[in-house]
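In: Sequence and predicted model, in that order:
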Amino acid sequence: MLAFGLGYLWVPLGFALKVAGAVVLFRSRHWTKSQKWTGFGLTTLAPSLMNVAWFLFSYPNDPSQAEYWTAIVAVAVVTVAGAGWLWRVRGDANAGQRQ
């Protein structure tokens, strides 16, 4: 019974972590505004839209294990690619404005 109840905590926990990540990203000085929005789209919006598409189109049709794991890997790859891109382009976006 406890494990069943804990299973419901994953969705709010994931949402809270996405919100925390977005707050940290948008308050950071290491990226420009356009880089922040691109990173947010790659690390949060795209995976969320992929999850919604999975539950609307594939999940009701009783997907196979291969389809299930393909969707999980695709979401992970998009998220890691977005985080990697943010890491690669980081810098001090306000460096030229300091005196």
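Out: Everything's here; your move.

In: wait, what's in contact with residue 92?
Out: Taking CB atoms under 8 Å, 6 or more residues apart in numbering, we find residue 92 in contact with 29-30. Where you see a C-beta, it was placed from the backbone N, CA and C, and this is true even at glycine.

In: what does residue 76 give?
Out: If a contact means CB under 8 Å, 6+ apart, then residue 76 has no contacts.

In: In this structure residue 21 contacts residue 44, no?
Out: Yes - using CB atoms under 8 Å, residue 21 is in contact with residue 44, at 6.9 Å.

In: Settle it for me: which of those two has more neighbours?
Out: Using other CB atoms under 10 Å, the more surrounded residue of residue 21 and residue 44 is residue 44, with 18 against 15.

In: Could you list the low-pLDDT ranges of this structure?
Out: Applying pLDDT under 70 to the chain flags the ranges 1-7, 93-99.

In: Mind jotting down where the helices sit in it?
Out: Applying DSSP state H to the chain gives helices spanning 2-7, 10-27, 33-40, 46-53, 65-89.

In: Those: which one's closest to residue 59?
Out: helix 65-89 (8.9 Å; CB to CB).

In: in the closest one, what counts as buried?
Out: Within helix 65-89, the residues that count as buried by 16 or more other CB atoms under 10 Å are 71, 75, 78-79, 82, 86.
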